[in-house]
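Q: take a look and give me a structure for this.
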Amino acid sequence: MGLYLFRGIAICCEKVLCENNTQAAVRVAASSRTSITGHHRLVFPQDKLLGLFHMQTIMVGHLLNSDLKALKMDHARVIDTSLVFNYDLSGGGGIEKLPRPSLDHLCKSVLGYEMKKSPGRCVDEAVATMKLVLAILTHLCSTA
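A: Predicted structure coming up:
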């Protein structure tokens, strides 16, 4: 898949713990890749999220299942960076399953920068997950 064909939106949710021990999303941040500006960032309430996703849109996130559960939604096309980056695909004779890496670790080791330690950093996390997916797609396209 060429990068110009990639149609994805990265999401990250700020969640609160409810009285019944479930999590609810209170704010959703999204980052989408555009051909003109590179990345477009949005922050909005949960009820506006569904309008962004079409059947062909790829939802990107880190520990995405947790966000989808809090949003009470599902989507058919997803890329979870905690799963993509927990396998050793270096070609050393087999595929070795590794522990799920943190987003902070992936930013340091793959993207070369440290995530800011600040409350409400979900916008930065959405952008970072999109950058991680674009990095792996770039790598796959260059080795094909």
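Q: in the sheet, who's paired with the most centrally placed residue in the chain?
A: Centroid check for the chain by Cα atoms, centre = their mean gives G61 as the closest residue, at 2.1 Å. Taking DSSP bridges as the rule, G61 bridges to D80.
Q: surely it and K69 touch.
A: No - in this structure, G61 is not within contact of K69 by Cβ atoms under 8 Å, at 11.7 Å. No exception for glycine: its C-beta is placed from N, CA and C like everyone else's.
Q: buried residues, the longest helix along the chain. List them.
A: Longest among the helix segments of the chain by residue count, using DSSP state H, is helix 122-143. Neighbour counts over helix 122-143 (16 or more other Cβ atoms under 10 Å) mark 122-134, 137 as buried.
Q: got phi/psi on the closest residue to V60 other than its chain neighbours?
A: Distance criterion Cβ to Cβ, 6 or more residues apart in numbering; nearest residue to V60, sequence neighbours excluded, is A10 at 4.0 Å. Dihedral pair for A10: phi -90, psi 140, per degrees, to the nearest 10.
Q: I'd guessed A10 sits against T129; true?
A: Yes - look at A10 against T129 with Cβ under 8 Å: they come within range, at 4.5 Å.
Q: now do the shared contacts for these two.
A: With contacts defined as Cβ atoms under 8 Å, 6 or more residues apart in numbering, the residues shared by A10 and T129 are S31, V60, G61.
Q: columns distance to D104 on top of those, output as CSV?
A: Shown next, in CSV, are those (distance: Cβ to Cβ, whole Å):
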residue, distance to D104
S31, 17
V60, 17
G61, 15
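Q: and which of the residues you listed is nearest T143?
A: Within those, the smallest distance to T143 is 20.9 Å, found for V60 (Cβ to Cβ).
Q: show me what contacts that closest one?
A: G8, I9, A10, I11, V78, I79, T81, T129, M130, V133.
Q: from V78, how far off is the residue nearest to the first one when sequence neighbours are not counted?
A: What it means is G8. Nearest residue to G8 in three dimensions, chain neighbours excluded: I58, at 3.9 Å (Cβ to Cβ, 6+ apart). Distance, I58 to V78, using Cβ to Cβ, to the nearest Å: 7 Å.
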